[in-house]
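Asks: Here's a sequence, model it:
(one chain, ligands or ions: 1)
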Amino acid sequence: MEEKEGLKEQTLRVRPIKRGAEKKYRDYPTVLDKSTEAHEFWEPIVHQGLWDIKGHKIVKGPWGGGSVEDAKKRPPREFMVIDRASFALYSHSYGLVSPFFRGLLEGKLMGTKCPECGTVYCPPRAHCWNPECRVADCYDNWMNLPLTGIIHTFTVQCLAAAPFEHMLPFSMGYVQVDGADTTLPTLLHMRPREIFIGKKVKFEFVPEEKRKGDLMDVYAVPAILDEKAPEWACLQKDAEQMKVLEDSIKATQEFIKKRYGIDNSPEERGW
Ligand SMILES: [Zn+2]
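Replies: Below you'll find the model as predicted:
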């Protein structure tokens, strides 16, 4: 099969390996995806915007464990149901954590708090994970959390699953929302050079009319202008690794521009 134009540029620059030197993971070349048949089948479907959320509705219904009769005895609750396209329209409920996703539509970050041990979950959990609490009910104990947090860990991505490929390159962080005990996977709208563990961030939302009630509605930006990376920040300390990363980012931007006609350069994105 004919190789797609631009695919070659996806290869990371590989440094020559010194004789006798131990190989490190980054000395291995990136393997090109040769599964072109499957890729060509899926690509137009993905390009049509399928897998995207098409809409949502709020429904009222019975809930909880036990028999249907047991469930009917409880007062009905409201659930957020989203319609996601994946060939056919696929509707599913967010169940007992629906308030979190409704909160995203309103530009809010909400978490649940365990009434037994006080653990605050964001993303929310309907039942506490602490074994001591014996799956205590958290679903009626919601908290409105501040739109600030701290980067717990992060990754810079030059490869992604098909529905997200057009957004490359991008960075994802596990961000601990202030007041929460867990971390929220969040898109980081900042340059890799700026990202480090412990960085203070604030959460922002895409414009209201574009929100769909999923995690793509929210992203993090630096909370402090030019916050200095600490001494131990590994990425910033390794100039050679940073150079390899920046070259890969540039190659990825060029590849995305060729394949999708989308300019994901920092100049165009404004961050
Ligand atoms: Zn608990």
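Asks: Using just helix, strand and coil, how would you label Ala251?
Replies: Secondary structure, DSSP: H, G, I helix; E, B strand; the rest coil: Ala251 is helix.
Asks: per-residue pLDDT, it?
Replies: On the pLDDT scale, Ala251 is placed at 95.
Asks: go on, the one 4 residues further on?
Replies: Reading off the per-residue confidence, Phe255 sits at a pLDDT of 92.
Asks: from the middle of its chain, how far away would stretch 200-210 be?
Replies: 13 Å (CA atoms, centre = their mean, to the nearest Å).
Asks: got the buried residues for it?
Replies: The neighbour-count check on stretch 200-210 (16 or more other CB atoms under 10 Å) flags 201, 203, 205 as buried. To be clear about C-beta, it is placed using only N, CA and C from the backbone, and glycine gets the same treatment.
Asks: Looking at those residues, which is nearest the ion?
Replies: Nearest to the ion out of these is Phe203 (CB to the ion; 24.9 Å).
Asks: still on that earlier bit, Pro123: which of the buried residues of stretch 200-210 is nearest?
Replies: Of all these, Phe203 has the smallest distance to Pro123: 13.1 Å, by CB to CB.
Asks: wait, what's in contact with the closest one?
Replies: Counting by CB atoms under 8 Å, 6 or more residues apart in numbering, Phe203 touches 109, 147-149, 175, 177, 186, 218-220.
Asks: swap in Gly55?
Replies: 82-83.
Asks: on that earlier part again, could the buried residues of stretch 200-210 go into CSV alongside secondary structure, distance to the ion and pLDDT?
Replies: Output for these, formatted as CSV (DSSP: H, G, I helix; E, B strand; the rest coil; distance: CB to the ion, whole Å; pLDDT from 0 to 100):
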residue, secondary structure, distance to the ion, pLDDT
Val201, strand, 27, 98
Phe203, strand, 25, 98
Phe205, strand, 29, 98
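Asks: all helices for this protein, in order.
Replies: For the chain, helices defined by DSSP state H occupy the ranges 36-47, 68-73, 98-105, 234-237, 239-260, 266-269.
Asks: circling back to that earlier point, now which of the contacts of Phe203 would you call buried?
Replies: By neighbour count, with 16+ other CB under 10 Å, the contacts of Phe203 hold 109, 147-149, 175, 177, 186, 218-220 as buried.
Asks: Please consider this matter closed, and thank you.
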